[in-house]
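In: got a predicted structure here, sequence first:
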Amino acid sequence: MTRVDRQLKPECWQLPDAHLLLWRGWLAEPEACAGYQQLVQQLAWQQPSIRLFGREHPIPRRQVWMGDSTAHYRYSGTSFAPEPWHPLVAMWQQQLSQQLERPFNSVLLNWYRAGTDHMGWHADNEPELGPEPGIASLSLGQARRFDLKHRYQPWQLQLELGHGDLLFMSGSTQQYWLHRIPKQSRLTAGRLNLTFRYIVPFV
Ligand SMILES: O=C(O)CCC(=O)C(=O)O
Ligand SMILES: [Fe+2]
C-alpha cells in the first residue's frame, strides 16, 4: 500500500463526547494476510487470568503486551513488562505515529481464535494512559462487530472492523464511552487486533 492510499479520507461519526476515525483497508490485503499469519505463529500468546468479583477467570482470548521496555502495563493489580517489538509491529507503530502525529510506545495484541473468543465492556482508561488517550486499533483477519455505548446516556453504535481496518479513538471517548467485541459464536475464523497506545513511562 502506498502513502497516497493511506491518506484516503477516514469515515467519521458525529458522536457526542467521542472522537472516532476509521480508515477502511489501511493495510492492503496481502500485507494484512501475511501479518496475520506471522503474528499468530511467531508470538508467545498468553491467557492471563483477571479477578472479577473475587474470582480468577482466564481471559476469553489470547494476548501479548509489546513495546518499549519502560512501558509497563498494570492489569488486575500486577505490572507486566512488555515483550520486545516484533519488526512488523514496530514498522506499523512508526507509520501510525507519523500519520496520527503522536507517539505510541506500546501495543496490546488480542487474538480471537474464533467467534466464541470475545472482550467484555470496558474503556481504555487506565491512569498510565493519561487523561485523553489516543488509541489506534488495527484489525486483521475475520471481520468482527465492535460495539460502543455511552456510560450515562442510552446511546449505542455498532461498527464492523474488517481485515486491515484502522480505527482511531481519541479525545474524551474513553471517559464517556465503553466498547466491546461481543461473541459471534457462528464465526469460525480467527481475528487479530492491535491497540497501539502511549503509556507514561514507569521508571
Ligand atoms: O479487539 C478489538 O477490536 C478491541 C480491543 C480492545 O478494546 C482493547 O485491546 O482494549
Ligand atoms: Fe479497549
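Out: Happy to help now that I have it. Ligands and ions are numbered 1, 2, ... in the order given.

In: Leu27 and Cys33 touch, don't they?
Out: No - assessed by Cβ atoms under 8 Å, Leu27 is found out of contact with Cys33, at 9.1 Å. C-beta: built from backbone N, CA, C; applies to glycine.

In: between the two, which is the more surrounded one?
Out: Taking other Cβ atoms under 10 Å, Leu27 and Cys33 do not tie; Leu27 has more neighbours (23 against 15).

In: ok, now how distant is that one from Gly190?
Out: 16 Å (Cβ to Cβ, to the nearest Å).

In: ditto for Leu100
Out: 27 Å.

In: assign a three-state SS to Arg74, would you?
Out: Under DSSP: H, G, I helix; E, B strand; the rest coil, Arg74 falls in the strand class.

In: contacting residues for it?
Out: Arg74 makes contacts with Phe80, Glu126, Glu128, as judged by Cβ atoms under 8 Å, 6 or more residues apart in numbering.

In: which residues touch the host helix or strand of Gln37?
Out: Gln37 is part of helix 29-42 when elements are defined by DSSP states H and E. Residues from elsewhere that reach helix 29-42 (Cβ under 8 Å, 6+ apart): 1, 27, 86, 88-89, 109, 111, 140-141, 163-164, 190, 192.

In: what residue in this protein comes nearest to ligand 1?
Out: Closest residue of the chain to ligand 1, Cβ to the nearest ligand atom: Asn193 (3.2 Å).

In: what's the local residue count around that residue?
Out: Using other Cβ under 10 Å, Asn193 is surrounded by 24 other residues.
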